[in-house]
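# fold the following for me, if possible:
(4 chains)
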There are 2 protein chains.
Amino acid sequence: MLEDRRLEVLRAIVEDYVSTHEPVGSKALVERHSLGVSPATIRNDMAALEEEGYIAQPHTSAGRVPTDKGYRLFVDRLSSVKPLSSAERRAIQTFLDGAVDLDDVVSRTVRLLAQVTRQVAVVQYPSLVRSTVRHVELVPLAPQRLLVVLITDTGRVEQRSVEVPEVISEHALADLRAKVNAVAAGRRLSEVPPLLGDLPEGAAPEDRRSVSVICAALLETLAEQREERVVLAGTANLARFTPDFPQTIRPVLEALEEHVVLLRLLGEANDPATLRVRIGHENDHEGLASTSIVSVGYGAGDEAVAALGVLGPTRMDYPGTMGAVRAVARYVGQILAGS
Amino acid sequence: MLEDRRLEVLRAIVEDYVSTHEPVGSKALVERHSLGVSPATIRNDMAALEEEGYIAQPHTSAGRVPTDKGYRLFVDRLSSVKPLSSAERRAIQTFLDGAVDLDDVVSRTVRLLAQVTRQVAVVQYPSLVRSTVRHVELVPLAPQRLLVVLITDTGRVEQRSVEVPEVISEHALADLRAKVNAVAAGRRLSEVPPLLGDLPEGAAPEDRRSVSVICAALLETLAEQREERVVLAGTANLARFTPDFPQTIRPVLEALEEHVVLLRLLGEANDPATLRVRIGHENDHEGLASTSIVSVGYGAGDEAVAALGVLGPTRMDYPGTMGAVRAVARYVGQILAGS
DNA sequence: ACTGGCACTCTGTCCGTGGGAGTGCCAGCA
DNA sequence: TGCTGGCACTCCCACGGACAGAGTGCCAGT
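The predicted model follows:
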């Protein structure tokens, strides 16, 4: 009973603060929410909440503001994900349906997410690690130069140009292509490298060195961490609800440029069914101490191939943002499965 | 003589304002520059410069600030491009030399440019329009599904998955691949579409419909304007020297997200030898009224395949920025030519 | 356990003042 | 004619005091 009301007060504080962006006081609280008690009572509850670290006051005798811990409790126990309206769902679907290839899917997704949430959207490219090889193509460009093209089942194409030490015949190349594909096609990228080891020995003596070089290039392509790419949109939204200083926006912009950081923050969201919320200091990054990240894995099936999410001030509308992120991830998964 | 000194005063004002970010007064001018005359004389010159619209004062009895027109004159007649130090050149070269493919070149370039100029860097992907077809590859993925891959001489790879109405034999596919390449290889992308028209008729009757579909996909890929892609870096630098409001940073961030706008601004810089400077209102974009853009074309040879540049406050160090932009463009050109 | 009342604290704002920087103008000088 | 020193004027901005308002904590009463 008592506990219940305190939680109710915390919920009210979070909601009010999110919508007004101003510290909320006891009087305003009872006016805007029908709590059925007087401001004085609320004050006692607030004192207790502050004691426990869920809220804080910026200055003595100003209203209260939720702390990271307060938001955490709010997200975990006091709110539920808010589903999108059917109009929003339809808009998302039609927008994503127009995509023509993987790049387009990703680029549309990130812009969409930024627009829907009015925050900064981050989308990770489908990871190569968990995907499988669909096809390897060897394309001669010049007598001693060829292009190694790797196509994955997620629609991703990686290529690398390679110079071979000896001229290699069309026939030998076709042979090699067939062998490589026999070995690699359908397998996960991580499984392929050990299987490539024997190929040079199976080749004619005069081609052996070239085949080694080609295999090396393919290995490199497989191993390359460039797959770990992220795309951003909506950075202008940072300035949207930031009435304050550029002092606060700059570290965030800097963090956004460090894609490694973003990948770390997104990377742990591997389950397409579970939304992940990181609040303020939970991000373990100085510049992001007052921003929160809502992320979720996405993928064609049950397993996530990558993650996406949004980043905004800790004082964000968590239920709405979570709903949007989840919905977009689902639709992207459907699109990927369908193509 | 008189004219000369006035120009000298303008140059001094621009230089001082760029380094201090504060309106500059007559007294400070004579102290920092050896102009050989008294403040009173400078005041007369300043009054004349203001009359002609080269400088302005934010408030009565504050110092003077250059106008867009003033910067324009400064760039056109009062300054020369400042070459980079040899250390900087070496750093650029080694950094760019490490790139493994086109994506990597572009991504390194944009980060490098942002770091060197400490401003926002923009790099346009090498345009498909002006490049030539190196190879077209048709890769079967499933009985009735294949991937059309287009490889250009700039190293770019475009792909598109296509569903064909009839099963197409391996042999027929090889035949088609050979024909397509015979027709397209080595030609500019814009020249290819008319040449593809006859291909379906040359195919066996049972394959005709499929071939049409494949050609259509290829045409789409050729025509696609997705080539018009830009990459950004250094947005955090916007907040660097902006002691003022987010009010001023937000429209810029918004403009940066509209890649179409950026392309228009970059797009006219087609000559790799000519630096282009757009100052303030010359950008014809409300949000960029107080930012300048320094851009230049880059490419493997004499002809530019794309453009790159930086964007910063009108009060930027033009000589230094222009030097950095030109140097980076040259090195990128060399890299592209060499690979 | 809740409430009303009360004194206290702190912020943000308004206003008036003064210092400082910079200007424009003018008379004098080479 | 062009430059200079001097001077009065304007305007910004930083400082400081006063004040209203909001919010709190505490306490006594129900």
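
# what's near enough to touch A:S295?
Taking Cβ atoms under 8 Å, 6 or more residues apart in numbering or on different chains, we find A:S295 in contact with A:122, A:265-266, A:269, A:275-276, A:278, A:307-310, A:325. Glycine gets a C-beta too; all of them are placed from N, C-alpha and C.

# quick one: which of these is most hemmed in?
Among the contacts of A:S295, A:G309 has the most neighbours (other Cβ atoms under 10 Å in any protein chain shown), with 32 neighbours.

# quick check, nearest of the contacts of A:S295 to chain B?
When the contacts of A:S295 are compared for distance to chain B (Cβ to the nearest Cβ), A:V122 wins out at 14.1 Å.

# make sure the closest one is indeed in a helix.
No - secondary structure of A:V122 (DSSP: H, G, I helix; E, B strand; the rest coil): strand, not part of a helix.

# residues in contact with it?
By Cβ under 8 Å, 6+ apart, the contact set of A:V122 is A:110, A:230-232, A:262, A:266, A:293, A:295, A:308-311.

# tell me which of those has the lowest pLDDT.
Within those, the minimum per-residue pLDDT falls on A:L266 (86).

# that one against A:A304, yeah?
No - taking Cβ atoms under 8 Å as the definition, A:L266 is not a contact partner of A:A304, at 10.4 Å.

# closest to A:L238 out of the contacts of A:S295?
A:V310 (11.5 Å; Cβ to Cβ).

# A:R326 reaches A:V81, doesn't it?
Yes - between A:R326 and A:V81 there is a contact at 6.4 Å, judged by Cβ under 8 Å.

# now the two most distant members of the contacts of A:V122.
Put simply, by Cβ to Cβ the two of those set farthest apart are A:V231 and A:I293, 15.4 Å from each other.

# for the stretch 51-200 of chain A, which residues are neighbours of chain B?
A:100-101, A:103-104, A:134-135, A:137, A:139-141, A:147, A:149, A:151, A:155, A:157, A:159-161 (Cβ under 8 Å from any Cβ of the partner chain).

# what about 7 Å?
The stretch 51-200 of chain A has residues A:100-101, A:134-135, A:137, A:139, A:141, A:147, A:149, A:151, A:155, A:157, A:159-161 near chain B, with proximity defined as Cβ under 7 Å from any Cβ of the partner chain.

# how about A:Q124: what's its closest non-neighbour residue?
Distance criterion Cβ to Cβ, 6 or more residues apart in numbering or on different chains; nearest residue to A:Q124, sequence neighbours excluded, is A:A306 at 4.2 Å.

# same deal with A:L138?
Spatially, and ignoring its direct neighbours in sequence, A:L138 is nearest to A:R177 (5.0 Å; Cβ to Cβ, 6+ apart).

# per-residue confidence at that neighbour?
pLDDT, read off for A:R177, is 86.

# I'd say it and A:P140 touch.
No - assessed by Cβ atoms under 7 Å, A:R177 is found out of contact with A:P140, at 10.7 Å.

# wait, is A:G297 part of a strand?
Yes - read with three-state DSSP, A:G297 is one of the residues of a strand.

# now do it against A:G312, distance only.
20 Å (Cβ to Cβ, to the nearest Å).

# same deal with A:R32?
Noted for A:R32: a distance of 23 Å to A:G312, by Cβ to Cβ.

# who has more neighbours, the two?
Using other Cβ under 10 Å as the criterion, A:R32 and A:G312 rank with A:G312 on top: 24 against 14.

# what about the more buried one, which helix or strand?
Using DSSP states H and E, A:G312 sits in strand A:306-313.

# other SSEs contacting that strand?
Counting contacts by 3 or more Cβ pairs under 7 Å, 6 or more residues apart in numbering or on different chains; DSSP states H and E, strand A:306-313 packs against helix A:102-117, strand A:120-124, helix A:259-267, strand A:291-298, helix A:318-338.

# contact partners of that strand?
With contact meaning Cβ atoms under 7 Å, 6 or more residues apart in numbering or on different chains, strand A:306-313 is reached by A:109, A:113, A:117, A:119-127, A:241, A:266-267, A:269, A:290-298, A:321, A:325, A:328-329.

# quick one, that strand and helix A:259-267 angle?
100 degrees (axes from the mean of the first three to the mean of the last three Cα atoms, to 10 degrees).

# for A:G63, which non-adjacent residue is closest in space?
In space, and not counting its chain neighbours, A:G63 is closest to A:P23: 3.1 Å by Cβ to Cβ, 6+ apart.

# ok, that neighbour touching A:R64?
Yes - counting by Cβ under 7 Å, A:P23 does reach A:R64; the two are 6.0 Å apart.

# which neighbours do those two share?
Common neighbours of A:P23 and A:R64 (criterion: Cβ under 7 Å, 6+ apart): A:Q57.

# neighbour count: the two, which is higher?
Higher neighbour count among A:P23 and A:R64: A:R64, with 26 against 19, using other Cβ under 10 Å.

# what about that one, distance to DNA strand C?
Distance, A:R64 to DNA strand C, by Cβ to the nearest atom of the strand, to the nearest Å: 14 Å.

# try A:T109
Relative to DNA strand C, A:T109 is positioned 40 Å away (Cβ to the nearest atom of the strand).

# tally of neighbours for that residue?
Using other Cβ under 10 Å, A:T109 has 25 neighbouring residues.

# retrieve the pLDDT associated with it.
With respect to pLDDT, A:T109 has a value of 96.

# and A:E163, by the same measure?
At A:E163, the model reports a pLDDT of 85.

# could you find the closest non-adjacent residue to it?
Closest residue in space to A:E163, ignoring its immediate chain neighbours: A:R145 at 5.4 Å, by Cβ to Cβ, 6+ apart.

# who's that neighbour bridged to?
A:A142, A:E163 (DSSP bridges).

# what about it, neighbour count?
13.

# could you list the low-confidence segments of the stretch 101-250 of chain A?
For the stretch 101-250 of chain A, the stretches flagged by pLDDT under 70 are A:128-129, A:224-227, A:241-247.

# now do the helices in it.
A:102-117, A:170-184, A:192-196, A:199-202, A:208-223, A:236-240, A:246-257 (DSSP state H, counting those that start in this stretch).

# in CSV: these, plus distance to B:T221.
Below are those laid out as CSV (distance: least, Cβ to Cβ, whole Å):
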stretch, distance to B:T221
helix A:102-117, 12
helix A:170-184, 22
helix A:192-196, 28
helix A:199-202, 32
helix A:208-223, 22
helix A:236-240, 31
helix A:246-257, 31
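
# mind putting these into a markdown table with distance to DNA strand D?
What follows is those, written out as a markdown table (distance: least, Cβ to the nearest atom of the strand, whole Å):
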| stretch | distance to DNA strand D |
| --- | --- |
| helix A:102-117 | 28 |
| helix A:170-184 | 65 |
| helix A:192-196 | 62 |
| helix A:199-202 | 72 |
| helix A:208-223 | 56 |
| helix A:236-240 | 23 |
| helix A:246-257 | 16 |
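
# hang on, the earlier thing: ok, A:V231 and A:I293, which is more surrounded?
Using other Cβ under 10 Å, the more surrounded residue of A:V231 and A:I293 is A:I293, with 27 against 17.

# list the contacts for that one?
By Cβ under 7 Å, 6+ apart, the residues touching A:I293 are A:265, A:278, A:283, A:309, A:311.

# which two from these end up farthest apart in space?
For the contacts of A:I293, with distances taken as Cβ to Cβ, the pair at the greatest spread is A:N283 and A:G309 (11.8 Å).
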